[in-house]
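Please work out how this folds:
(2 chains)
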Amino acid sequence: MSATPLLSLRGITKRFVQRVDLAGKIANAFGAGARETVVQAVSDVDLDVAEGEVVGLVGESGCGKSTLGRIVAGILPQTAGAMSWRDQDVASMTGEERRAWQLAVQMIFQDPYASLNPRLCVSEIVGEAPRVHGLVARAGQAQYVAEMLDQVGLDGAYSTRYPHQFSGGQRQRIGIARALAVRPSFIVCDEAVAALDVSIQAQVLNLFMELRDRLDLTYLFISHNLAVVEHLSDRVAIMYLGRLVEIAPADELFAHPNHPYTQALLAEVPKLDAARRVYKPIAGELPSPLDPPTGCAFHPRCPHAMARCKVERPALREVAAGHISACHLNDA
Amino acid sequence: MAEAGLSVRNLRTHFFTKEGVARAVDGVDFDVAPGEILGLVGESGSGKTVTGFSILGLIDPPGRIVEGSSIRFAGEELTKARPERLRAIRGAEIAMIFQDPMMTLNPVLRIDTQMIETVQAHLKVSGSEARQRARAALVQVGIASPDERLRAYPHQFSGGMRQRVAIAIALLHKPRLIVADEPTTALDVTIQGQILFEMQRLCRDSNTALIWITHDLAVVAGLADRIAVMYAGRIVEMGRTADIVERPMHPYTKGLIGSVPSQNTRGHRLAQIPGMTPSLLKLPAGCAFKARCPIAIDKCNEMPALEAHRAGQLARCWRAAA
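Prediction:
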């Protein structure tokens, strides 16, 4: 990437540790041997996002993509690694800089039913954060909320209603309005359209693209749906069991997938194609992150696995301009 | 239509609530022949799931299949069948696969207990023979080391494995019709591919009829022989998969197809359908889609009939020919 990236991740790792509880400690006194369990949800992720770019992050459930999104949004702290925002290390920010960063990065969640407080009316859901952060005076809040609702295609008169009075698509728009209300420059969308019907999903996807043009937004778009990511993204990163296995510009990735996992994912995408399909699925399932395979994490499911794949983890290396992939086949 | 398959005529399932009558399914006609796969496509609230539940007689009050509806299966009228007879048919002749496999599986019982119970509910066989059948069904859906898996509890399975077990339970009695309600919606694409692969193979091998209910046209496009598109309780278009996908006639089907993002739509706006699905409690007179329809005319205030506008392709639209 030429210019300074807006967001830069280096060696981001997140471990979740479940400590031995009291019962386990007592059992251990009798020699039960209970040990703390460690899940490495995200391992050693390097990723740059340029200003104005839409990066799609794709993976199956349990691969760590949501955890990575939460780290980027500042909701979860990373265990190791460095994150910088506009060339400044987040860890060394002063209190004021940190607040500015936290406002600049906002998140839109998957479930429009769980992510809105059912006891708050829309004007509070959308207007509370900008008021607290001094972006708008209390007197101007109603007007400001109406503007925000208008921006996402909702009638300003809805601001006195409560979440249960809205449909799923409308709720997702409220969630978007809430994120936009603090004037962010970077939005993390975690499966933001997964829970919506196809026709509503199209409306929300169009809204994302309009807002990008109008407000110069940068997106990290997390999804398991390759068709959505293909439609929206400039670059795509594929994640498997906590690691990025391939990153490429969207056109390049969908035309020339390099990693066997990416190839398998692309082959499985349901297409609107009249031809009767013969399904040739990849075998097996995502291994448990509690006990990840040695070497390349994909080797138990990979049709091209070699002896080397079981012992040595392949590094990400460039296979074409701006296209990196982690597979031993590229060495041959 | 041959008497061997399923034949649904003027199916109307209404819910009599305090707020009024919700006509969840309101005059649905279709047939499914043995070995045929019908994709039943619609968005939330279109009545696709209630149609599936009606076939199995699983509608609870305040819902009711209204007088005059007909569901004939292998020559037998199911709407008039006694509860005992329906119980004998359900699970043996007609099986259902739900979206959430935990709706099928009891979390506190081992898989073998549940499967043997299902076998013995319809067949007088010994425990060991029932176990053999259960084992064979697990093998059929591609579960490795079935003996070990039979002794496991549902929580020890992943989501994809649970759905396979649910499918295996549906297959235990070699039903002649399977109603599958969004069974792959909650699964990852690689697992969805595996399940679609198994279902396609099973239907072909055993000549089982399959109704695949989904909101995702792309999933059934590669699977189904015919597709029926539902909107607000009615079928608005029905025909062979290739015709529906390549030459849709109803504006709603066209809108659905335009809404699917893909490589070709990159950088462009998706052709979205404006507005949202109407409330079933206050459906407008005439065509339910007219408020969202780009080509609506005055005549749309009268309800159009579901008519063949091309060979084998039916649409409920005054302007289907346009």
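
what's around A:Val269, how many residues?
By other Cβ atoms under 10 Å in any protein chain shown, the residues close to A:Val269 number 16. The way it works is simple: take the backbone N, C-alpha and C, and place the C-beta from them, glycine included.

Chain A: helices as residue ranges?
A:22-29, A:65-72, A:95-104, A:122-132, A:141-151, A:168-180, A:198-215, A:226-232, A:250-255, A:260-268, A:307-311 (DSSP state H).

Dump the ones you listed to TSV, plus mean pLDDT, distance to A:Gly59 and mean neighbour count.
As requested, the helices of chain A are arranged in TSV below (pLDDT from 0 to 100; distance: least, Cβ to Cβ, whole Å; neighbours: other Cβ atoms under 10 Å in any protein chain shown):
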stretch	mean pLDDT	distance to A:Gly59	mean neighbour count
helix A:22-29	85	32	12
helix A:65-72	92	5	24
helix A:95-104	91	25	14
helix A:122-132	92	30	20
helix A:141-151	90	31	19
helix A:168-180	89	22	23
helix A:198-215	88	19	19
helix A:226-232	88	10	23
helix A:250-255	92	14	18
helix A:260-268	88	9	21
helix A:307-311	91	19	14
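
Among these, which comes closest to B:Ile213?
Among the helices of chain A, helix A:198-215 comes nearest to B:Ile213, with 14.3 Å by Cβ to Cβ.

just checking, what packs against that closest one?
Where contact means 3 or more Cβ pairs under 8 Å, 6 or more residues apart in numbering or on different chains; DSSP states H and E, helix A:198-215 is packed against helix A:168-180, helix A:226-232, helix B:251-259.

Next, see if the first one gets close to chain B.
Yes. Helix A:168-180 comes into contact with chain B when judged by Cβ under 8 Å from any Cβ of the partner chain, the residues involved being A:Gly168, A:Gly169.

gap between A:Val245 and A:Arg317?
Counting by Cβ to Cβ, to the nearest Å, the separation of A:Val245 from A:Arg317 is 12 Å.

hang on, I meant A:Phe221
Distance of A:Phe221 to A:Arg317, given as Cβ to Cβ: 25 Å.

Just the residues contacting the longest helix along chain B, thanks.
Using DSSP H to define each element, chain B has its longest helix at helix B:189-206. By Cβ atoms under 8 Å, 6 or more residues apart in numbering or on different chains, the residues outside helix B:189-206 that reach it are A:60, A:224, A:226, A:264-265, A:267-270, A:278-283, A:285, B:35, B:37, B:140-142, B:159-160, B:163-164, B:167, B:171, B:174, B:178, B:180, B:183-184, B:187, B:208-210, B:212, B:219, B:222-223.

Pull out the buried residues from that helix.
B:189-200, B:202-203 (16 or more other Cβ atoms under 10 Å in any protein chain shown).

Surely A:Asp46 and A:Thr13 touch.
No. With contact defined as Cβ atoms under 8 Å, A:Asp46 does not reach A:Thr13; the gap is 11.0 Å.

For the stretch 101-250 of chain A, which residues are neighbours of chain B?
Residues of the stretch 101-250 of chain A that fall close to chain B, judged by Cβ under 8 Å from any Cβ: A:167-169, A:197-203, A:205-206, A:209, A:224, A:226-228, A:230-232, A:250.

mind redoing it with 10 Å?
Taking Cβ under 10 Å from any Cβ of the partner chain as the criterion, the neighbours of chain B within the stretch 101-250 of chain A are A:167-170, A:193-194, A:196-207, A:209-210, A:224-234, A:250.

burial of whatever residue of the stretch 1-150 of chain A ends up closest to chain B, as a residue count?
Going by Cβ to the nearest Cβ, chain B is nearest to A:Glu60 of the stretch 1-150 of chain A, at 4.1 Å. Neighbourhood size, A:Glu60 [other Cβ under 10 Å]: 20.

Run through the residues that contact it.
Contacts here follow Cβ atoms under 10 Å, 6 or more residues apart in numbering or on different chains; on that basis A:Glu60 touches A:224, A:239-241, A:261, A:265, A:285-286, B:160, B:187-191.

B:Ser279 and chain A, how far apart?
Computed as Cβ to the nearest Cβ, to the nearest Å, the B:Ser279 to chain A distance reads 10 Å.

how deep is that residue tucked in, by neighbour count?
For B:Ser279, the count of nearby residues is 13 (other Cβ under 10 Å).

Is it correct that A:Pro289 is in contact with A:Gly64?
Yes. The criterion here is Cβ atoms under 10 Å, and A:Pro289 meets it with A:Gly64 at 7.4 Å.
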